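Trainee: With the sequence up front, the predicted model follows.
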Amino acid sequence: MNDPRVSAIICGLVALWLGYTIFFAAEAPSQILSIMQWIFFICAIAGLAAAVARMTRGGR
């Protein structure tokens with residue numbers, strides 16, 4: 001994606017959704033699913049940080 005605003009929106013929404021499923025789950029997921037959720041959550045946060053950094057530098 002070339003537009004960091006779109007990347008920031010998508011990563012932010014994914015991070016919110018994954019954070020909700022991790023921290024407010026009614027049942028404990030299996031261990032492998034929990035690991036995958038955490039990996040994707042960390043990737044979404046990293047993508048959000050990179051998009052925000054690109055926006056502050058004025059990059060497109």
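Mentor: Cool, the structure landed. Numbers count the residues shown, from 1 in each chain.
Trainee: And the pLDDT for the residue nearest to residue 8 when sequence neighbours are not counted?
Mentor: Closest residue to residue 8 apart from its sequence neighbours, by CB to CB, 6 or more residues apart in numbering: residue 51 at 3.8 Å. Bear in mind the C-beta positions are built from the backbone N, C-alpha and C, glycine included. Residue 51 carries a pLDDT value of 93.
Trainee: Regarding this structure, what is its longest helix?
Mentor: Criterion DSSP state H: the longest helix present in the chain is helix 31-57.
Trainee: what ranges of the protein fall below the confidence cut-off?
Mentor: By pLDDT under 70, the low-scoring segments of the chain are 1, 59-60.
Trainee: for the most centrally placed residue in it, what are its contacts?
Mentor: The centroid of the chain falls nearest to residue 44 when counting by CA atoms, centre = their mean (2.2 Å). Residue 44 makes contact with 11, 12, 14, 15, 18, according to CB atoms under 8 Å, 6 or more residues apart in numbering.
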